[in-house]
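In: Build the 3D model from these lines:
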Amino acid sequence: MRKRTALLVAAMGVLLIGGAGGADAADDSAAHRAAPNGGGSQKNRCDTSSVIGGVTLATSDITTETNCVNYSESGVSEQSNHCRTHSVIGPVTVNLTGSDVTQRTNCVNVSKSGGVTKQSNDCKTTSVLGPITIGAGEVTQETNCTNLAGTDSANGKAKHKASTAKTAGGTQSR
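Out: Numbers count the residues shown, from 1 in each chain. Purely as a prediction, here's the structure:
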């Protein structure tokens, strides 16, 4: 039994996944400023899939973020984000010291001057088995979706897709 436990801890140490990722699109070009609602579009697709993961071995407070951001001064007609994280098992967090672990996905569309006709976010975190937390401490998983457009009354549809769930040993928002 000790060998299995040691092997599990070693495997999780090897599979330790952390860090930040993201994608962004920005446009403040002269052509777009001169032609508001010029028909341009900004799209991000941030997909992460794994069989086991992410796996986090926490010995201190950890925050990892994935950011999908579209920003336009003017002239864009559509902004959309597709941010998905999927794993078969996990995420798995081994919390050795009772630390706070936060894993966050942010999907943001900003049209500074307004006039955008469509802003949409499709943000989802799914797992077949999990999340799994071993040890004390709070584990928080968040998916935040935001659409912001200027004060222009011509701004169109804004769609959000996100889900929220609580897990044993911590809070989870998806």
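
In: Gln42 touches Ser77, doesn't it?
Out: No. The pair Gln42 / Ser77 is not scored as a contact, 9.7 Å apart, by C-beta atoms under 8 Å. From N, CA and C alone the C-beta is placed, and that goes for glycine too.

In: Looking at those two now, which is surrounded by more residues?
Out: Legend: neighbour count by other C-beta atoms under 10 Å for Gln42 and Ser77, higher for Gln42 (23 against 18).

In: Does anything pack onto the helix or strand containing the more buried one? Which helices or strands?
Out: Assigned by DSSP states H and E, Gln42 belongs to strand 40-52. Other elements packing on strand 40-52 under the criterion 3 or more C-beta pairs under 8 Å, 6 or more residues apart in numbering; DSSP states H and E are strand 21-27, strand 62-72, strand 76-89, strand 101-111.

In: Using PDB, write down the CA coordinates of the next helix or strand after it.
Out: Reading on from strand 40-52 to the C-terminus, the next helix or strand found by DSSP H and E is strand 55-58. Written as PDB, here are the backbone C-alpha positions of strand 55-58 (Å, rounded to 0.1, in the frame of the first residue of the first chain):
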ATOM      1  CA  VAL A  55      -3.000  18.100 -11.600                       C
ATOM      2  CA  THR A  56      -1.800  20.500  -8.900                       C
ATOM      3  CA  LEU A  57       0.400  19.700  -6.000                       C
ATOM      4  CA  ALA A  58      -0.100  22.700  -3.700                       C
END
